[in-house]
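A.B. asks: the following block contains a protein sequence and its predicted model.
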Amino acid sequence: MPKFLYTSFVFLFIFTLAKAQEKEIDPPYNIKTVSFVQNGSNVVPIFELGSSFQLQFDDLFGNEANYYFEVIHCDYNWKPTDIPKTDYIRGFDNQRITDYSNSFNTLQSFSHYRLSFPNQFATQLRISGNYMLKILNEDREVVFSRKFILYENHSTVGIVMRRSRSLNDINYKQNLEIAILSNDIVFQTPLQNVKVLLLQNGDFNTGIKNIPPQYTIGNQLIYKYDKETQFWGGNEFLYFENKDIRAANNNVAKVGSNNDVYSSYLYTNQARANQIYTVYEDVDGNFVVKNINGLNQEIEADYAWVYFSLSAPTFRLNKDIYITGMFNNYSLSPEYKMDYNADKGIYEKAVMIKQGFTNFQYRIADKKGVIDFENAIDGNFYQTENEYTVLVYYRESTDRYERVIGKGNANSLNIIN
């Protein structure tokens, strides 16, 4: 190969690699309960620019390992931007996480880590947009990564929840009608410069993107699509409660201590796809860490093996069933894939989860991780209570990046025909 062609190829390869889309990396087995926390509660990682929040996680090895963090600013499609780090971070990243403590009075030992923004390294994020937060080990290898988004309040986002206009889907889907009104920005060529992201229950994996406004009224953008802005309704999240890890509580059939930690055996769930919709209070996939006998929940809440079982006799697809929720970032990793027990005729899986109150759902996906919403184990119902978020991205011709200029929320409890 001629030298100049080889050099061009290498340059192209390096450039393409540098601009590759950032994807979340699932943590290894020993890293648990990864969550963004604000005002003491686990939250969907969407924060107003300038506000304070934390990333928290546990290391079950409990050996006070050294972890470092790196923050990467990304564009709308989660590709790293060309902005110098000093332009979007005031202070430093690539620093060791020094805020950690060890578990107290628990059977499962662990080290609990807290990374605050801003923090003692004066790490403060200066601009809005998409961010990827990477946690690194001593060798600067990525242990896991998480997405989060910072937004500014420059627009008002109105959302109307409607049932599908198609008779084929009217009982199964929920549709968002959106109106975006700028507070202090005159939109330039909004069809190209304005983008939106639609999220259901804070799940970045199933977000809807690249929907242009249908039309404009002055400085207001209108989205009155049907299919393009629809989500499958799904069903209410299931839950279990083991705040007292030694007692059988809500949806926990029995407890045991055959291993080094406690075990919580849940009642077998019945597939709900062919049942009528039933109101089932949930927290939209979230979870609460709680030990009723402890004071400091971060280090006094213990871990338990939670045994899930599912009866789905009509499930015949050549796909897999996973246990998902915010407790595992809706992960489709092998750790959460259920196994079929032919003797019992049910699907089973044991997962180590921190005690408290946990929402979860069963999700079907193929070998490539493509989720099958239409054939959901628990069905789809337009009445299901879901929390929706709409984020507005804007980039003028002179801007170096897409700003997130607005955020809107809606709940499908207010759905109308």
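C.D. replies: Ah, there it is.
A.B. asks: how about low-confidence regions in this structure?
C.D. replies: Within the chain, the segments meeting pLDDT under 70 span 1-18, 122.
A.B. asks: which residues does residue 145 contact?
C.D. replies: By Cβ atoms under 8 Å, 6 or more residues apart in numbering, residue 145 lies in contact with 22, 23, 24, 25, 132, 133, 134, 135. C-beta here means a position set from N, CA and C on the backbone, and glycine is covered the same way.
A.B. asks: can you verify it is assigned to a strand?
C.D. replies: Yes: Residue 145: assigned to a strand according to DSSP: H, G, I helix; E, B strand; the rest coil.
A.B. asks: circling back to that earlier point, of all the contacts of residue 145, which two lie farthest apart?
C.D. replies: 23 and 135 (14.8 Å; Cβ to Cβ).
A.B. asks: which of the two has more neighbours?
C.D. replies: Using other Cβ atoms under 10 Å, the more surrounded residue of residue 23 and residue 135 is residue 135, with 22 against 10.
A.B. asks: bridge partners for the more buried one, pull those for me.
C.D. replies: residue 69, residue 144 (DSSP bridges).
A.B. asks: who are the contact partners of it?
C.D. replies: Residue 135 neighbours (Cβ under 8 Å, 6+ apart): 55, 57, 67, 68, 69, 97, 115, 142, 143, 144, 145.
A.B. asks: number of nearby residues for residue 367?
C.D. replies: 8.
A.B. asks: please name the spatially closest residue to it (chain neighbours excluded).
C.D. replies: residue 320 (7.5 Å; Cβ to Cβ, 6 or more residues apart in numbering).
A.B. asks: residues in contact with the one you found?
C.D. replies: By Cβ under 8 Å, 6+ apart, the contact list for residue 320 reads 337, 338, 364, 365, 366, 367.
A.B. asks: filter these down to the buried ones, ChimeraX style.
C.D. replies: Paste this into ChimeraX to select the buried members of the contacts of residue 320, with burial taken from 16 or more other Cβ atoms under 10 Å:
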select :338,364,365
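A.B. asks: and the contacts of residue 320, which is closest to residue 406?
C.D. replies: Closest to residue 406, out of all of these and judged by Cβ to Cβ, is residue 365, at 32.0 Å.
A.B. asks: tell me what the closest one is bridged to.
C.D. replies: Beta-bridge partners of residue 365, as defined by DSSP bridges: residue 320, residue 371.
A.B. asks: pop the domain breakdown of this protein in here.
C.D. replies: Using automatic domain parsing, the domains assigned to the chain come out as 13-151, 155-233+383-414, 239-365.
A.B. asks: just put the ones you listed in a markdown table and tack on distance to residue 374.
C.D. replies: Formatted as a markdown table, the domains of the chain follow (distance: least, Cβ to Cβ, whole Å):
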| stretch | distance to residue 374 |
| --- | --- |
| domain 13-151 | 25 |
| domain 155-233+383-414 | 7 |
| domain 239-365 | 9 |
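A.B. asks: before we move on, back to that, would you write a ChimeraX line that selects the buried entries of the contacts of residue 135?
C.D. replies: Selection of the buried residues among the contacts of residue 135 in ChimeraX, burial being defined by 16+ other Cβ under 10 Å:
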select :55,57,67,68,69,97,115,143,144,145
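A.B. asks: ok, the contacts of residue 135 vs residue 306, which is closest?
C.D. replies: residue 57 (18.4 Å).
A.B. asks: was I right to think the closest one contacts residue 28?
C.D. replies: No: counting by Cβ atoms under 8 Å, residue 57 does not reach residue 28; the two are 11.3 Å apart.
A.B. asks: what do the two both touch?
C.D. replies: residue 144.
A.B. asks: which secondary structure state does the nearest residue to residue 45 once chain neighbours are set aside sit in?
C.D. replies: Distances taken as Cβ to Cβ, 6+ apart put residue 148 closest to residue 45, at 3.6 Å, once the chain neighbours are dropped. Secondary structure, three-state DSSP: residue 148 is strand.
A.B. asks: wait, a helix at residue 298?
C.D. replies: Yes: looking at residue 298 with three-state DSSP, it is inside a helix.
A.B. asks: got a list of what residue 416 touches?
C.D. replies: Contacts of residue 416 (Cβ under 8 Å, 6+ apart): 160, 161, 162, 163.
A.B. asks: ok, of these, which come out buried?
C.D. replies: Judged by 16+ other Cβ under 10 Å, buried ones among those: 161, 162, 163.
A.B. asks: which of those sits closest to residue 88?
C.D. replies: residue 161 (34.5 Å).
A.B. asks: name the element the closest one belongs to?
C.D. replies: According to DSSP states H and E, residue 161 maps onto strand 155-163.
A.B. asks: so which elements touch that strand?
C.D. replies: Helices and strands touching strand 155-163, by 3 or more Cβ pairs under 8 Å, 6 or more residues apart in numbering; DSSP states H and E, are strand 173-182, strand 387-394, strand 403-411.
A.B. asks: out of the domains of the chain, flag the one nearest residue 375.
C.D. replies: domain 239-365 (6.1 Å).
A.B. asks: which stretches in the stretch 51-200 of the chain count as strands?
C.D. replies: 53-59, 68-74, 89-90, 95-96, 100-102, 111-117, 124-125, 129-136, 142-151, 155-163, 173-182, 194-200 (DSSP state E, counting those that start in this stretch).
A.B. asks: any chance of CSV for these, columns distance to residue 219?
C.D. replies: Listed next are these as CSV, based on distance: least, Cβ to Cβ, whole Å:
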stretch, distance to residue 219
strand 53-59, 31
strand 68-74, 27
strand 89-90, 32
strand 95-96, 42
strand 100-102, 48
strand 111-117, 33
strand 124-125, 28
strand 129-136, 22
strand 142-151, 19
strand 155-163, 9
strand 173-182, 5
strand 194-200, 11
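A.B. asks: would you check that residue 286 makes contact with residue 329?
C.D. replies: No: between residue 286 and residue 329 there is no contact under Cβ under 8 Å: 11.8 Å.
A.B. asks: now stretch 19-37, how far from the centre of its chain.
C.D. replies: 10 Å (Cα atoms, centre = their mean, to the nearest Å).
A.B. asks: how far does that stretch stretch from start to finish?
C.D. replies: One end of stretch 19-37 to the other measures 30 Å (Cα to Cα, to the nearest Å).
A.B. asks: and that stretch, which residues are buried?
C.D. replies: Buried residues in stretch 19-37 (16+ other Cβ under 10 Å): 22, 24, 26, 27, 31, 32, 33, 34, 35, 36, 37.
A.B. asks: nearest to residue 181, of those?
C.D. replies: Closest to residue 181, out of all of the buried residues of stretch 19-37 and judged by Cβ to Cβ, is residue 36, at 28.6 Å.
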